[in-house]
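Trainee: Predicted model follows, preceded by the sequence.
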Amino acid sequence: MSTTLVLAAHGSRDPRFDATARRVADAVRVGLPGVHVELAYLDLNEPLIGDVLARLSGDAVVVPLLFGNGFHGKIDLPAMLADVSASNPALSVRQTEVVGVHSPVPALVDRLTEAGLSDDDGVLMIAVGSSDPTSDASIAARSDELSAALGRPVELVFATRIGRNGSVVRDAVDALLARGCSRIALSPLFLSAGLLTERVERVLDSLDAPAFVAGPVGAHPTLVDAIAALYTAHAAAAPAVSA
């Protein structure tokens, strides 16, 4: 029997997140025929990761559907896996790195192109901020990669830290316009559309600047390939967490 792949998504009160995560899981099942794929959540949606792992046996690999490696990837999820491993001796479970270790930039480029990116557009990339500075630094590096891939300026804003009345977003837009950009293209480094992305969109709507919004990463082939690569690299490895 093959090693079970468990996709660990953050979770959201926005129903679009669950729908998107399920599409990702379906795409992974197509990309990894013969592998049993489970979708689970850290919070806010069901099934929760602990409940899914409690009913599994044999070997399982957990792939966090996170672009930054902050608290959830380093502290929260490992603690959950340790608890389950202690209570379910029939399961050997190990966690991979977050999917963000594989660059999501090709997906962002495709989403921007699909939305109608033009040569003189500037890009406002948004992502979830973290209390872990190394996580934020890795996201900033992706912003630089996106700028290099597109050959145009990219400003990064963390959607959890947009400032009073969206001042951080306003400053980023002003910086792009000052560099001669005629429109602002919002590029969400998010799995799904949701409340955080819409928070930034509302600020954009309030500004006197032409702007448009690209789609989130979703079930893009780049993400599916990243999941498959992480799973394959860990499926035959010795378990990192055991009972």
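Mentor: Yep, it's here.

Trainee: would you put the C-alpha positions of stretch 84-93 in PDB?
Mentor: What follows is stretch 84-93, C-alpha atoms only, in PDB (Å, rounded to 0.1, in the frame of the first residue of the first chain):
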ATOM      1  CA  VAL A  84      -1.400  12.100  16.900                       C
ATOM      2  CA  SER A  85       1.700  10.000  16.700                       C
ATOM      3  CA  ALA A  86       1.600   9.400  20.500                       C
ATOM      4  CA  SER A  87      -2.100   8.400  20.400                       C
ATOM      5  CA  ASN A  88      -2.100   6.400  17.200                       C
ATOM      6  CA  PRO A  89       0.700   3.800  17.200                       C
ATOM      7  CA  ALA A  90      -0.600   2.300  14.000                       C
ATOM      8  CA  LEU A  91       0.600   5.400  12.100                       C
ATOM      9  CA  SER A  92       4.000   6.600  11.100                       C
ATOM     10  CA  VAL A  93       3.800  10.200  10.000                       C
END
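
Trainee: List the buried residues in it.
Mentor: 84-85, 88, 91-93 (16 or more other Cβ atoms under 10 Å). All C-beta atoms are positioned from the backbone trio N, CA, C, and that covers glycine.

Trainee: Kindly report the same for stretch 221-234.
Mentor: 222-228, 230-231, 234.

Trainee: What of stretch 101-113?
Mentor: 101-102, 104-112.

Trainee: Give me the subset of the buried residues of stretch 84-93 lying in strands.
Mentor: Mapping the buried residues of stretch 84-93 onto strands (DSSP state E) picks out 91-93.

Trainee: Many thanks, have a good one.
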